[in-house]
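1. Here you go, sequence then predicted model.
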Amino acid sequence: MTRARVQETGMKEATKRAASEALAQMMAVTAMLVIASFIFYWR
């Protein structure tokens with residue numbers, strides 16, 4: 001029982017970490033797109 005509970009918390013942590021990584025990647029891509037659009041607009 002304790003082992004299952006530990007595994008469950010581990011899965012939650014992994015899911016949370018994956019979600020935060022995906023969010024960070026999306027933010028990075030958005031930032032790059034914004035910077036690229038600014039560069040194209042200024043030219």
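-> Everything's here; your move. Residues are numbered from 1 along each chain as shown.

2. Low-confidence ranges, this protein, go.
-> 1-7 (pLDDT under 70).

3. quick one, helices of it?
-> Ranges of helices within the chain are 2-42, based on DSSP state H.

4. and the gap between Ala28 and Val34?
-> Distance of Ala28 to Val34, computed by Cβ to Cβ, to the nearest Å: 11 Å. (Glycine included, C-beta is placed from N, CA and C.)

5. ignore the last one, Glu8
-> For Glu8, the distance to Val34 - Cβ to Cβ - is 39 Å.

6. Give me the number of neighbouring residues for Leu33.
-> By other Cβ atoms under 10 Å, the residues close to Leu33 number 10.

7. With the one 10 residues further on instead?
-> Other residues lying near Arg43 total 5 when counted by other Cβ under 10 Å.

8. Val34: how many residues sit nearby?
-> Neighbour count of Val34, defined by other Cβ under 10 Å: 10.

9. actually Val29, sorry about that
-> 10.

10. likewise Phe38?
-> Neighbours of Phe38 using other Cβ under 10 Å come to 10.

11. now do Ser20
-> Look at Ser20: counted by other Cβ under 10 Å, it has 10 neighbours.

12. Ile35 too?
-> 10.

13. How much space separates it from Trp42?
-> 11 Å.

14. For Ile39, which residues are in contact?
-> Contacts for Ile39 (Cβ atoms under 8 Å, 6 or more residues apart in numbering) come out as none.

15. For Leu23, see how far away it is.
-> If you go by Cβ to Cβ, the gap between Ile39 and Leu23 works out to 25 Å.

16. same thing with Lys16?
-> 11 Å.

17. Also Trp42?
-> 29 Å.
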